[in-house]
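*Asks:* structure for the following, please:
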Amino acid sequence: QVQLVESGGGLVQVGGSLRLSCVDSGRAFSNYAMGWFRQAPGKEREFVASIQWSGAVTYYSDSVKGRFTISRDNAKNTVYLQMNSLKPEDTAVYYCAARRSYSSSRYTDVSDFPSWGQGTQVTVSS
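*Replies:* Numbers count the residues shown, from 1 in each chain. Below you'll find the predicted structure:
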């Protein structure tokens with residue numbers, strides 16, 4: 001069973017960086033594709049990035065490509081989101097999500113991921 005806990009959010013100035021972490025306290029973390037999504041006030045939850053089970057294949061939304069990097073450490077049951085060159089429009093609650101999968105399919109929809117963390121707030125001030 002997957003139990004996800006995000007951390008690393010906070011307040012940062014425009015152009016700054018943050019690294020989010022998501023720890024899976026369940027078992028068999030390496031059996032899961034992982035994703036990061038975000039939700040700003042009044043908006044729908046949107047895809048940010050995803051990574052397949054081994055970490056060899058990653059996907060990004062166009063809005064964060066080149067600024068954010070998703071990675072994972074299966075020995076630590078942790079997935080990361082390194083966020084650089086942050087913009088005010090990156091302000092949102094960030095959620096990590098998990099889907100049991102051994103494929104390299106492109107999972108980008110909220111409905112692709114059955115398991116979710118509680119979210120961590122990221123605020124970028126101008």
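
*Asks:* the residue nearest the centre of the chain - nearest residue in space that isn't next to it in sequence?
*Replies:* For the chain, the residue nearest the mean C-alpha position is residue 36 (2.2 Å; C-alpha atoms, centre = their mean). Spatially, and ignoring its direct neighbours in sequence, residue 36 is nearest to residue 48 (4.3 Å; C-beta to C-beta, 6 or more residues apart in numbering). The way it works is simple: take the backbone N, C-alpha and C, and place the C-beta from them, glycine included.

*Asks:* residues in contact with the one you found?
*Replies:* By C-beta atoms under 8 Å, 6 or more residues apart in numbering, the contact list for residue 48 reads 35, 36, 37, 38, 60, 61, 64, 68, 70, 81, 94.

*Asks:* any idea how far residue 25 is from it?
*Replies:* 22 Å (C-beta to C-beta, to the nearest Å).

*Asks:* can you pull the contacts of residue 95?
*Replies:* Residue 95 touches 6, 36, 37, 38, 39, 45, 116, 117, 118, 119, counting by C-beta under 8 Å, 6+ apart.

*Asks:* hang on, the earlier thing: show me which of the contacts of residue 48 are buried.
*Replies:* 35, 36, 37, 38, 60, 61, 64, 68, 70, 81, 94 (16 or more other C-beta atoms under 10 Å).

*Asks:* the second one and residue 107, how far apart?
*Replies:* So that's residue 36. 11 Å.

*Asks:* now for the two: what residues contact both?
*Replies:* residue 50.

*Asks:* which residue ranges form the strands in the chain?
*Replies:* Using DSSP state E, the strands of the chain run over residues 4-7, 10-13, 18-24, 32-39, 46-51, 58-60, 68-73, 78-83, 92-100, 115-116, 120-125.

*Asks:* could I get the ones you listed as a markdown table with mean pLDDT?
*Replies:* Shown next, in a markdown table, are the strands of the chain (pLDDT from 0 to 100):
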| stretch | mean pLDDT |
| --- | --- |
| strand 4-7 | 96 |
| strand 10-13 | 98 |
| strand 18-24 | 97 |
| strand 32-39 | 97 |
| strand 46-51 | 98 |
| strand 58-60 | 97 |
| strand 68-73 | 98 |
| strand 78-83 | 98 |
| strand 92-100 | 97 |
| strand 115-116 | 96 |
| strand 120-125 | 98 |
